[in-house]
Structure formats: C-alpha cells, structure tokens
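> need a structure here:
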Amino acid sequence: ALSWRAFEHLRDTASLPGTSFAAYSEPVRVRLQVSGGGREISLSGVSSAFFPSFTRGTVYAETIPQGWDSGGEDKQVVLAESLARVLFHSTRDALGRMVSLNGQSYRVIAVAPSGFSGLWTKTDAWVAPDKMLSLCYEARKQPNESGEDPLYWKLMSSFYVLVAFNPRAENSYHAALEKVAREPDNLRYRLHISDGLTKDPVKDA
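You can find the predicted model right below:
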C-alpha cells in the first residue's frame, strides 16, 4: 500500500493520455449509529475519481465536492445500496441524512451503484481518504493542540492505486505503467503492477 502523497505523485507525473487514476484503501471496521440504533460496518477511503471511473450503474448522489481529496472539514459518506435501504428504506431517502461513525457526524451525499459492495471484501460505506484514516486511528488533533502536522494522513501507507484505460490498448498501457514504476523517483515505492483488481477474472468483469 502507498501513501496519499505517493498516489498524488503517480497521478500527476504519469503522462498516460486517456487514463483515470483513483486511490482505494482496504476496509476498516467502524461503529455506525443512526436513529438510536448501532451496528459495526466495513468502511474504505476512496479518492473522488473512484466511483465515476471504476463502478458501473447509477450513483444516486449530490455532486462529490471538490475538497473531497484535499482533507476538507466537511464529513461526508457514500453508503452501499444495501445499507442505505436497511437504514433509510430507499436510496433517495438516504441522501442528506446524518449518521454517526465512531461518534462523529457524517452526512450521506451518495449511494453507490446497485450491486457494488467493495473491491476485495464486502464494504458498507466509503469516505474521503483523510476521514478514513481519522476514523481508523484516534481522532485527528488540531495542530495548535498537539503541534501535529494537519496533513499527517498523507504520509500513511494505506492506499492502492487504480488505473482505468481503454482495454483495447491494455498491452501498451501495461508497458507504460511498468516504465513509470522503474523511474528513479518511483523505485522507493517498490511498485508492483497487476492486471485487474483481483485474481478472479469474473469478479473483475
């Protein structure tokens, strides 16, 4: 897994036309509470490009805000369709509602496409990268309280880099990505390029 800064570096320096880069973390367990009821759910951190580039079908959503990837203050969450129906009876009724994740209030801004429940393991919800890390570890301290760098989350190795491209050009893109991985600035990341998201071609499809 790579840090967010490594993801930003790869996304910004890999000059591959027609590609889309996204970051995705392995899920963590958090406590969700709404309307007096609580349950443990599985939650991942994703970049803003993930849903439009790596899922199929309709996302019932407000627009994902521009500050999603930059560590903005707004706390927002995307719910899996199955969880949205359990909590709010319909996907549209879920939008704009408030839920508590590990005691922090989050607003539901989207419901994932029907049938999508995570990449490697079943996932119930998705948040911005910095929010996933603040939920996974202790609540983020304010810099004036601890002297801690407010962008510390960008240094934690938690993300996998996903690259989408036209499948008809798969061989050329794979070679281009391997070349990027061997560039001197990238050797420190020890990158491994995989074809597909999993080892199961049916699930990839």
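> ok, Ser157 touching Trp4?
No - applying Cβ atoms under 8 Å, one finds Ser157 not in contact with Trp4, separated by 9.3 Å. All C-beta spots, glycine's among them, are computed from the backbone N, C-alpha and C.
> the more surrounded of those two?
Regarding Ser157 and Trp4, a neighbour count based on other Cβ atoms under 10 Å identifies Trp4 as having more, with 24 against 10.
> excluding chain neighbours, what is closest to the more buried one?
Taking Cβ to Cβ, 6 or more residues apart in numbering, and ignoring the residues beside it in sequence, Trp4 has Lys154 as its nearest neighbour in space, at 4.2 Å.
> do I have it right that the one you found meets Phe7?
No - taking Cβ under 8 Å as the contact criterion, Lys154 and Phe7 are not neighbours in contact, 9.0 Å apart.
> can you point out the buried residues in the helix or strand hosting Asp12?
Asp12 is part of helix 4-13 when elements are defined by DSSP states H and E. Using 16 or more other Cβ atoms under 10 Å as the test for burial, helix 4-13 gives Trp4, Ala6, Phe7, Glu8, Leu10, Arg11.
> in contact with the third one, which residues?
Going back to what we said before, that points to Phe7. With contacts defined as Cβ atoms under 8 Å, 6 or more residues apart in numbering, Phe7 is in contact with Phe21, Ala23, Ser47, Phe159, Val161.
> let's see 10 Å
For Phe7, the residues meeting the contact criterion (Cβ atoms under 10 Å, 6 or more residues apart in numbering) are 1, 21-24, 47, 69, 129, 154, 158-162, 189.
> sounds good, over and out.
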